[in-house]
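Peer 1: A predicted structure for the sequence below; I have some questions about it.
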Amino acid sequence: MKALAILMLALVTACGPRQVEVETGPQQANNMSLTVSNSANQAVNVYVVSGGNPIFVGQVSGNSTQTLSVSGVASGAVVSLQARTTDGTKTYTKDNVTMSGAYSWPVP
C-alpha cells in the first residue's frame, strides 16, 4: 500500500503544471531606407510593393527630399516603388529595385 501511495504521488507530481518561459528573440535592426527626391509641386505617398502588396512608407512634400525607413521587407528583396500624388492623379513607378541598405529615388 505504501508503494502504491508513493507511485500515485510521483504520477500526480509529474502531471502537474510546468513553468514555461517564453521570450522573444532579439529584434533585427532594419537599416533599409529610401531617400525620395520629389520634384513635383505636390506631395506624394510612397509605397514599396513586395509580393504584390503595397506597403506605405511615408509622404514626401512637393519640391523636397526625405529619407524614409523601410520595414516589412526582407533585405535583398526585389520590389517595386510607387509614388502617388496626394490627389491621386499621377502615379510614378520604379520596378526591379533590390532593397538593401539605402536607395535613392528621384520622383518624377
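Peer 2: Received the coordinates, thanks.

Peer 1: measure residue 49 to residue 70 for me?
Peer 2: Noted for residue 49: a distance of 12 Å to residue 70, by Cβ to Cβ, to the nearest Å. Bear in mind the C-beta positions are built from the backbone N, C-alpha and C, glycine included.

Peer 1: name the residue in these two with the higher neighbour count.
Peer 2: With neighbours defined as other Cβ atoms under 10 Å, residue 49 and residue 70 compare such that residue 70 has more, 23 against 16.

Peer 1: pretty sure the more buried one contacts residue 36?
Peer 2: No - if you go by Cβ atoms under 8 Å, residue 70 and residue 36 don't touch, sitting 11.0 Å apart.

Peer 1: so what's the nearest residue to residue 95 once chain neighbours are set aside up against?
Peer 2: Closest residue to residue 95 apart from its sequence neighbours, by Cβ to Cβ, 6 or more residues apart in numbering: residue 80 at 4.8 Å. For residue 80, the contacting residues are 48, 49, 93, 94, 95, 96, 97, by Cβ atoms under 8 Å, 6 or more residues apart in numbering.

Peer 1: who's in contact with the spatially most central residue of the chain?
Peer 2: A centroid search over the chain (Cα atoms, centre = their mean) returns residue 72, at 1.5 Å, as the residue closest to the centre. With contact set as Cβ under 8 Å, 6+ apart, residue 72 has these partners: 48, 50, 55.

Peer 1: residue 101 too?
Peer 2: 31, 32, 33.

Peer 1: ok, residue 98 next?
Peer 2: Residues near residue 98 by Cβ under 8 Å, 6+ apart: 76, 77, 78, 79.

Peer 1: turn those residues into CSV, columns for pLDDT.
Peer 2: Listed next are the contacts of residue 98 as CSV, based on pLDDT from 0 to 100:
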residue, pLDDT
76, 93
77, 94
78, 96
79, 97
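
Peer 1: can you give me the helices for this structure?
Peer 2: Under the criterion DSSP state H, the chain contains helices at 2-14.

Peer 1: all strands of it, in order?
Peer 2: In the chain, the segments counted as strands under DSSP state E are 33-38, 44-50, 53-60, 64-69, 78-85, 91-98, 102-107.
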